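**Q** when you get a sec, could you give me coordinates for this:
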Amino acid sequence: MNIQGEKLHWWQTRGFVVAVALASMIPLLWPEVPPLVDLPGHMGRYRVQLAIADNPWLSNWYNFHWQMIGNLGIDLLIVPLAPIFGLQLAVKLIVIAIPVLTVTGLLWIAREVHGRIPATALFALPLAYSYPFQFGFVNFALSMALALNLFALWLRMGRLKRVRLRAVIFVPISCLLWLCHTFGWGVLGVLAFSAELIHQHDIRRQSDPKSWAHGWFNAFVRAGLNCLPLALPMVMMVVWRSGDHVGGKTQDWFNWRWKMNWITMVLRDRWMTFDIASVTVLFVILFRGVRDQTIEYSRNLGLSALFLLAVYILLPRIVFGSAYADMRLAPFVLAIALIALRPRHGVSLRGAAVLAVIGFAFFAVRLGGTTISFLMYDRSYDQAIAAIDTVPERARVVSFVGRRCRDDWAYTRLEHVPALLLERRLAFTNDQWSMAGAQLLTTQYPAAKGFAHDPSEIVSDIKCRGQFWRPISMALEKFPRAAFDYVWLIHPPKFDPALIRDLTLIRRDGTSLLYRVNRPAARPAGTE
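**A** Prediction:
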C-alpha cells in the first residue's frame, strides 16, 4: 500500500522486489546439488519414498511408511514434481524457491506494516541464506518462507477488512503449513497473535483511552479469538506426538552459551571474519533504531520481534530429539526486528536513499560471497561423488566421512554426501537418520549392527568429547565386513593401513577412497 501523497522510490517498487527476489536465486543456479549440509541425506530418503514399491530390496534395509507428521514439506512436493523434472532437479527447484519466498515474504510484510518498504528492510534480505538454511533444514526453511508470506497475507486481509474470509481460508492453510514443518506454523501463530494484539489494543484505546490494563486484557482475549483459525494443527500435533512409535527427547534448556553463539552465526557460511562482520552490520542497524532520532521501530513488528525473542529464549536446543531447535529461530528474530525499522516522517529523501543504497550494497556483497562459496563447495562435491559411478546398483556401502572434533567455522558439508549413492544407485548407505516419528524413513538392517544409520558415517582422528562419532581406527576395525560390499572413505583422517588389509582399493579421487570388501574364497565340498 502506497502512503497517500508520496511517490514510490526505487526500492519500494514491485519491479525492485521482483529483481531482488530473482537475484536471490543466483548462488543456487550452478551447483548440481545445492551444497546444504543435510540435503543429500534428505534426497536419499526421497529416493526410497519414490522407488521402494518397485525395488523390493530397499525394504531389506529401510522402513518407509506414510504418516501424518509436521515435517513433510519437500517429501510431499516431490511426489508430483519428481515424475516431471526428475528427483534431483525437482529438489533443486524447490530449494531455489526458498530464498526467493523468504525475500518476498520479508518485503511484503514490511510493505503491509509500514505502507511502503523502508530502506532499512534491505538489510534483512541476506538472512534468506541464514545458517539454518545452509545447514540443510529444508522443510523448516520452506515452512518459514511460506509463513512469512502467509503472515503478510494475514495482515493484508485484515487491512482490507476481509476478516471473515481470512478466518475461512486460514484453517486449511494453517494445516498445510503445519504439514510442511511445525516450526513455520508456530511462528505464523506468534506473528499473527502479536499483530492482532496491537490492532485490538489500538481499537480499545481509541474507544476508552483511560482504561489501560482493561484495554490490554480485552485486546489479549480478542487477539486469541481472532487467531483461532490457526489452531486446528494443535489437534494434529497431539495425534502425531501421542503415537507409541514416536521417540525423541526434549532437552538442553537455557543453554546460554549456545544461544549467544547462534546469534553470531546467523550468517555463517565459509569466512568467519566476513560472516561475523556482516552480523555486526545488522546489529549496528538495529542499534540505530534505538539511538537515531531519524529511525523508529514499528509497534506491530517490534512486538512480533520481542515475542519471537521470548520464544527463542524459552526453546531448548533439542525438541523431540531434533537438535538445533533454537538455532533455527535466531535469524528470523533478527529479520523481523530489521523490517520493523523505518525512517521517521520528515526524513529527507536523500537520507533514505543513501540508507537504501547501503542496504542494497550489503545484500549484493553477501549474495556475491555466498555465490563464490557455493561454487567452491560444488567443486568439492564433484570430486567427492565421482566414485558413485563405480558402485553397482544395490550395493551395500559403509561410508566414513572425516571430520575434526573442533567445530570449524567452515567445514566440508560432505557429511551426508554418501546418501547420493542411495539416490542415484539405490545402494545401501549408513547415513540416513533413523528416529521414529521424526521422518517417514527408519533403517532396518540388523547385519550392519552399529553402522546402520547416522551418525555412524562421521569419523574423526580421535574420540571427540560429547559426540557419538567413532575414531577412524575404531570404525575401520569394527564395522561388520559381511554386511557390506564397499567402504567409501571421504576425506578421512590418517589411519593405520593395516586396518584395511582385507580391502581392495578400486578408486581414488583426491583424498577420497573407494574400497571393495574382500570375500573369503568358498572351500570346495569335501575339503577341510
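**Q** how about the strands of this protein, start to end?
**A** Taking DSSP state E as the criterion, the chain carries its strands at 62-64, 295-297, 341-343, 397-402, 441-443, 458-460, 470-471, 486-490, 503-509, 512-517.
**Q** and of those strands, who's closest to A452?
**A** Closest approach to A452 among the strands of the chain (Cβ to Cβ): strand 441-443, 4.7 Å. In short, each C-beta sits where N, CA and C put it, glycine included.
**Q** partners of that closest one in the sheet?
**A** Sheet partners assigned to strand 441-443 using DSSP bridges are listed as strand 62-64 (antiparallel).
**Q** and of the strands of the chain, who's closest to F137?
**A** Closest of these to F137 is strand 441-443, at 16.7 Å (criterion: Cβ to Cβ).
**Q** circling back: in JSON lines: the strands of the chain, plus mean neighbour count.
**A** Output for these, formatted as JSON lines (neighbours: other Cβ atoms under 10 Å):
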{"stretch": "strand 62-64", "mean neighbour count": "19"}
{"stretch": "strand 295-297", "mean neighbour count": "19"}
{"stretch": "strand 341-343", "mean neighbour count": "23"}
{"stretch": "strand 397-402", "mean neighbour count": "25"}
{"stretch": "strand 441-443", "mean neighbour count": "21"}
{"stretch": "strand 458-460", "mean neighbour count": "23"}
{"stretch": "strand 470-471", "mean neighbour count": "20"}
{"stretch": "strand 486-490", "mean neighbour count": "26"}
{"stretch": "strand 503-509", "mean neighbour count": "14"}
{"stretch": "strand 512-517", "mean neighbour count": "20"}
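**Q** now tabulate these in CSV and tack on distance to F217.
**A** CSV is the format used below for these (distance: least, Cβ to Cβ, whole Å):
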stretch, distance to F217
strand 62-64, 50
strand 295-297, 24
strand 341-343, 29
strand 397-402, 56
strand 441-443, 48
strand 458-460, 52
strand 470-471, 57
strand 486-490, 59
strand 503-509, 66
strand 512-517, 63
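**Q** just put those in CSV and tack on mean pLDDT.
**A** Formatted as CSV, the strands of the chain follow (pLDDT from 0 to 100):
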stretch, mean pLDDT
strand 62-64, 92
strand 295-297, 81
strand 341-343, 84
strand 397-402, 95
strand 441-443, 92
strand 458-460, 93
strand 470-471, 92
strand 486-490, 95
strand 503-509, 92
strand 512-517, 94
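**Q** give the contact list for the spatially closest residue to L179 that is not a sequence neighbour.
**A** Closest residue to L179 apart from its sequence neighbours, by Cβ to Cβ, 6 or more residues apart in numbering: L72 at 5.0 Å. When contacts are counted by Cβ atoms under 8 Å, 6 or more residues apart in numbering, L72 touches 139, 179-181, 440.
**Q** what's the pLDDT at L72?
**A** L72 carries a pLDDT value of 93.
**Q** next one: it from I78, what distance?
**A** Distance of L72 to I78, given as Cβ to Cβ, to the nearest Å: 11 Å.
**Q** touching stretch 486-501 from outside, list them.
**A** Here stretch 486-501 makes contact (Cβ under 8 Å, 6+ apart) with 384, 387, 391, 395-402, 412, 414, 417-418, 421, 459-461, 471-473, 476-477, 479, 503, 511-517.
**Q** what's the end-to-end length of it?
**A** Using Cα to Cα, to the nearest Å, one end of stretch 486-501 lies 14 Å from the other.
**Q** before we move on, the earlier item: tell me which of the strands of the chain lies nearest to S24.
**A** strand 341-343 (20.7 Å).
**Q** strand partners (parallel or antiparallel) of that closest one?
**A** Strand 341-343 pairs in its sheet with strand 295-297 (antiparallel), by DSSP bridges.
**Q** how far off centre is the partner strand?
**A** Offset of strand 295-297 from its chain centre (Cα atoms, centre = their mean, to the nearest Å): 30 Å.
**Q** going forward, count from 421.
**A** New numbering, starting at 421: the last item is strand 715-717.
**Q** quick one: residues in contact with it.
**A** For strand 715-717, contacts defined as Cβ under 8 Å, 6+ apart pick out 540, 708-709, 760-764.
**Q** out of those, the closest to H462 would be?
**A** Here the nearest of the contacts of strand 715-717 to H462, counting by Cβ to Cβ, is A760; it sits at 33.1 Å.
**Q** distance of that closest one from A541?
**A** Counting by Cβ to Cβ, the gap from A760 to A541 is 9 Å.
**Q** then R688?
**A** 22 Å.
**Q** the two - which one has more neighbours?
**A** A541 (26 against 21; other Cβ atoms under 10 Å).
**Q** mind listing what that one touches?
**A** With contact taken as Cβ under 8 Å, 6+ apart, A541 is in contact with 526-527, 530, 758-759, 761, 779.
**Q** now swap in R467 and tell me
**A** For R467, the contact set (Cβ under 8 Å, 6+ apart) comprises 507, 842-844, 846.
**Q** quick one, grab the pLDDT at R833.
**A** pLDDT, read off for R833, is 89.
**Q** I meant A773, not that one.
**A** 85.
**Q** was I right to think it contacts P763?
**A** No: judged on Cβ atoms under 8 Å, A773 makes no contact with P763 at a distance of 10.5 Å.
**Q** mutual contacts of these two, please.
**A** Listed contacts common to A773 and P763 are A539; contacts here mean Cβ under 8 Å, 6+ apart.
**Q** how close does the closest residue to V817 other than its chain neighbours sit to F899?
**A** Sequence neighbours aside, Y906 is the residue nearest to V817 in space, at 4.6 Å (criterion: Cβ to Cβ, 6+ apart). Note on Y906: its distance to F899, by Cβ to Cβ, is 11 Å.
**Q** if we can go back for a sec, which of the contacts of R467 sits closest to M855?
**A** Distance to M855 across these (Cβ to Cβ) is lowest for L842, with 17.5 Å.
**Q** so what's the closest one up against?
**A** By Cβ under 8 Å, 6+ apart, the contact set of L842 is 464, 467-468, 848-849, 852.
**Q** make a PyMOL selection of the buried ones in these.
**A** To isolate the buried ones among those in PyMOL, judged by 16 or more other Cβ atoms under 10 Å, type:
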select buried, resi 464+467+468+848+849+852
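**Q** tell me which of the contacts of L842 fall in helices.
**A** Judged by DSSP state H, these include 464, 467-468 as members of helices.
**Q** Serialize these to a markdown table and add fields for distance to P912 and pLDDT.
**A** Listed next are the ones in helices among the contacts of L842 as a markdown table, based on distance: Cβ to Cβ, whole Å; pLDDT from 0 to 100:
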| residue | distance to P912 | pLDDT |
| --- | --- | --- |
| G464 | 21 | 95 |
| R467 | 25 | 96 |
| V468 | 26 | 95 |
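**Q** most neighbours out of the contacts of R467, which is it?
**A** Top of the contacts of R467 by neighbour count (other Cβ under 10 Å): L842, with 27 neighbours.
**Q** rewinding a little: which of the ones in helices among the contacts of L842 lies closest to L787?
**A** Proximity of the ones in helices among the contacts of L842 to L787 was ranked by Cβ to Cβ; the top entry is G464 with 29.5 Å.
**Q** and the longest helix for the protein?
**A** As assigned by DSSP H, the longest helix anywhere in the chain is helix 769-804.
**Q** report the angle between that one and strand 906-910.
**A** Using axes from the mean of the first three to the mean of the last three Cα atoms, to 10 degrees, the inter-axis angle of helix 769-804 relative to strand 906-910 is 140 degrees.
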